[in-house]
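Asker: Sequence plus predicted model, see below.
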Amino acid sequence: MPQNASLPAHLDEIRRTMPIGVAENYTGIVAIDFEDWAPIWSEDTSKDGWHSAAYQNLSIALVLQQEPNLPLAEAKAKAKKAFESAALEFFVETIKLCRTLRPNARWGYYGFPQAFTFKGYDSANGPTLRALNDQLQPLW
């Protein structure tokens with residue numbers, strides 16, 4: 001869970017492994033493909049390990065461990081807020097570091113911003129899509 005993980009350790013691992021995956025003078029596009037969890041709570045509902053609901057369940061359990069008498073609805077709200085805040089920080093700080101380490105490359109995340117269809121905001125899901133992408137504004 002991002003709210004229970006070490007961001008400094010994560011960033012140190014990127015510093016250590018960047019030379020293995022991306023040449024220092026690389027000028028192309030790099031898409032970070034991260035699939036365990038998405039930085040938006042409502043996107044983490046899968047049962048098969050990809051954007052897994054396990055992260056929601058573990059986040060709620062963490063809140064209830066810290067505040068065992070909290071009503072479940074409040075625990076879910078606190079868990080969602082903590083998860084999304086930490087997840088977005090992980091995504092933002094990761095891409096900032098990557099851009100610092102390889103400034104000539106163009107960095108982004110695979111699947112973000114979300115498009116659902118080729119019609120994007122003009123599709124039937126357009127308003128939902130825009131709202132989800134707007135939550136990730138710090139990435140853009």
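Answerer: Good, I have the coordinates.

Asker: What segments of the chain are strands?
Answerer: Using DSSP state E, the strands of the chain run over 29-32, 106-109.

Asker: I'd like to know which of those strands is closest to Pro68.
Answerer: Each of those was scored for nearness to Pro68 using Cβ to Cβ, and the closest is strand 106-109 (35.9 Å). (Glycine included, C-beta is placed from N, CA and C.)

Asker: ok now the closest one, how far from the chain's centre?
Answerer: For strand 106-109, the separation from the chain centroid amounts to 13 Å (computed by Cα atoms, centre = their mean, to the nearest Å).

Asker: which residues are contacting that strand?
Answerer: The contact list for strand 106-109 (Cβ atoms under 8 Å, 6 or more residues apart in numbering) reads Gly28, Ile29, Val30, Ala31, Ile32, Asp33, Phe34, Phe91, Ile95, Cys98, Arg99, Leu139.

Asker: Okay, buried residues for that strand please.
Answerer: Neighbour counts over strand 106-109 (16 or more other Cβ atoms under 10 Å) mark Trp107, Tyr109 as buried.

Asker: cool, and stretch 75-91?
Answerer: By neighbour count on 16+ other Cβ under 10 Å, the buried set for stretch 75-91 is 75-76, 78-80, 82-84, 86-88, 90-91.

Asker: now it: how far from the chain's centre is it?
Answerer: 10 Å.

Asker: Report the rounded mean pLDDT for that stretch.
Answerer: Stretch 75-91 carries an average pLDDT of 97.

Asker: Output it as PDB, nothing but the C-alphas.
Answerer: Extracted as PDB, the C-alpha positions of stretch 75-91 are listed here (Å, rounded to 0.1, in the frame of the first residue of the first chain):
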ATOM      1  CA  ALA A  75     -12.900   4.000   7.900                       C
ATOM      2  CA  LYS A  76     -13.400   3.600   4.100                       C
ATOM      3  CA  ALA A  77     -13.500   7.300   3.600                       C
ATOM      4  CA  LYS A  78     -10.200   7.700   5.600                       C
ATOM      5  CA  ALA A  79      -8.600   4.800   3.800                       C
ATOM      6  CA  LYS A  80      -9.600   6.200   0.400                       C
ATOM      7  CA  LYS A  81      -8.100   9.600   1.300                       C
ATOM      8  CA  ALA A  82      -4.900   8.200   2.700                       C
ATOM      9  CA  PHE A  83      -4.500   5.800  -0.200                       C
ATOM     10  CA  GLU A  84      -5.100   8.300  -3.000                       C
ATOM     11  CA  SER A  85      -2.900  10.900  -1.400                       C
ATOM     12  CA  ALA A  86       0.100   8.600  -1.000                       C
ATOM     13  CA  ALA A  87      -0.500   6.900  -4.400                       C
ATOM     14  CA  LEU A  88      -0.500  10.200  -6.200                       C
ATOM     15  CA  GLU A  89       2.600  11.300  -4.300                       C
ATOM     16  CA  PHE A  90       4.300   8.000  -5.400                       C
ATOM     17  CA  PHE A  91       3.400   8.600  -9.100                       C
END
